[in-house]
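Trainee: Okay, predicted coordinates and the sequence, questions at the end:
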Amino acid sequence: MSLSIEKRLELYEQMYLMRRFEESAAQSYTERKIGGFLHLYIGQEAVAAGVIAATRKEDSVITSYRDHAHYLARGGSPRAGMAELFGKETGCSKGRGGSMHFFDVENNFLGGWGIVGAHVPLAAGVGFAAKYKGEKSVCVCFLGEGAVSIGPFHEGLCLAALWKLPVVFVVENNRYAMGTPIHRTMTSEDVSIRALSYPMARATVDGCDLDQSYEQAQIAIERARNESLPTLLEYKTYRYRGHSMADPAKYRTKEELQEWKDRDPLLLLKAKLEPAGVGVEVFKEIEDKVERIVVDAKEFAENSPEPAPESLGDYVYV
Ligand SMILES: Cc1ncc(C[n+]2csc(CCOP(=O)(O)OP(=O)(O)O)c2C)c(N)n1
């Protein structure tokens, strides 16, 4: 089923929020209000927005450290997200996780994981638990293309196929794993062929196009829900910034970056909605609303308390 104009506008708002939230975070990082790592998702918004729009409340989402957008798409609070970046007690992981470890149990957002590929078997485990308990929920696992040659990726997909688990693996192929282009780690540019070894269903998706993003995810998610079968989806996408704030991204050309910016997911969506009768004033209203949310989130984060020193041992097992 394709997206209605209303739903696409809702997702435009969500994608605009992802982008402005991160631009604001980048600003706070340069002001030294945010410490540690900060990996931005700017350029990839149509992937998280489209895929997560195809999930239901009872489904779960798990991802790598580039996690802010997925958290927001699952309904995570911008205030608690920004406060997490600022290391504050009011953060979604109580200020203990920071950028890479967002978590939101209420919205079945299961992180935010820093070790490349290590969350893939966890996704298989979440799918196994749902199947074992006879629930009809699906686990959607996002990962980068840098994770598809790593051991836990194969372990996770092998078990998902063998035990017919309701998991959708979404590879966000943004072409670079830190500074390493994909052709240096894979003999093929087609990441989806990794699905053939297990085997499981697969598809390659234009990650800049929100409609395709949603439609392909919906097919895979419903396959998982109705037939308890996994799928590997490859989304072709691009990150505009470096790997993290510390990376000047000198390993790629300005021309290459511009080519992707010409297919910016927000602009593409706007270009599709305008001929459908959505006027500039509608976008302006959405964008103004998002600006207020982002300013409010930053103020909330700045004014929130630090975790108390005596709470240092809380949430630590040993
Ligand atoms: C097991 C492991 N090895 C190395 C690293 C260091 N590292 C962090 S991110 C990264 C690149 C991952 O790239 P990709 O999976 O394509 O995701 P992207 O950053 O593009 O979203 C590496 C090698 C790590 N975190 N974990």
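Mentor: Received the coordinates, thanks.
Trainee: Model confidence for the closest residue to the ligand within the stretch 151-300 of the chain, exactly?
Mentor: Here the stretch 151-300 of the chain gets closest to the ligand at one residue, residue 177, 3.3 Å apart by Cβ to the nearest ligand atom. Bear in mind the C-beta positions are built from the backbone N, C-alpha and C, glycine included. Looking at residue 177, its pLDDT stands at 97.
Trainee: Contacts only, for the residue lying closest to residue 53 once chain neighbours are set aside.
Mentor: Here the nearest residue to residue 53 in space, its sequence neighbours aside, is residue 214; by Cβ to Cβ, 6 or more residues apart in numbering that works out to 5.3 Å. Residues in contact with residue 214, defined by Cβ atoms under 8 Å, 6 or more residues apart in numbering, are 2, 3, 11, 50, 51, 53, 54.
Trainee: Give the full set of residues in contact with the fourth one.
Mentor: In other words, residue 50. 11, 210, 211, 212, 213, 214, 217.
Trainee: ok so, going back, which two of the contacts of residue 214 lie the greatest distance from each other?
Mentor: Between any two of the contacts of residue 214, the greatest separation by Cβ to Cβ is 15.0 Å, found for 2 and 51.
Trainee: And these two? Which one has more around it.
Mentor: Neighbour count, other Cβ atoms under 10 Å: between residue 2 and residue 51, residue 51 has more, with 28 against 10.
Trainee: helix, strand or coil for the more buried one?
Mentor: helix (DSSP: H, G, I helix; E, B strand; the rest coil).
Trainee: Touching, it and residue 213? I think so.
Mentor: Yes: using Cβ atoms under 8 Å, residue 51 is in contact with residue 213, at 6.1 Å.
Trainee: any idea how far the residue nearest to residue 53 is from residue 201?
Mentor: Going from residue 214 to residue 201 by Cβ to Cβ, to the nearest Å gives 17 Å.
Trainee: What of residue 274?
Mentor: Look at residue 274 and residue 201: by Cβ to Cβ, they are 35 Å apart.
Trainee: what about the two, which has more around it?
Mentor: residue 201 (18 against 13).
Trainee: rewinding a little: what sits in contact with each of residue 51 and residue 213?
Mentor: Common neighbours of residue 51 and residue 213 (criterion: Cβ under 8 Å, 6+ apart): residue 235.
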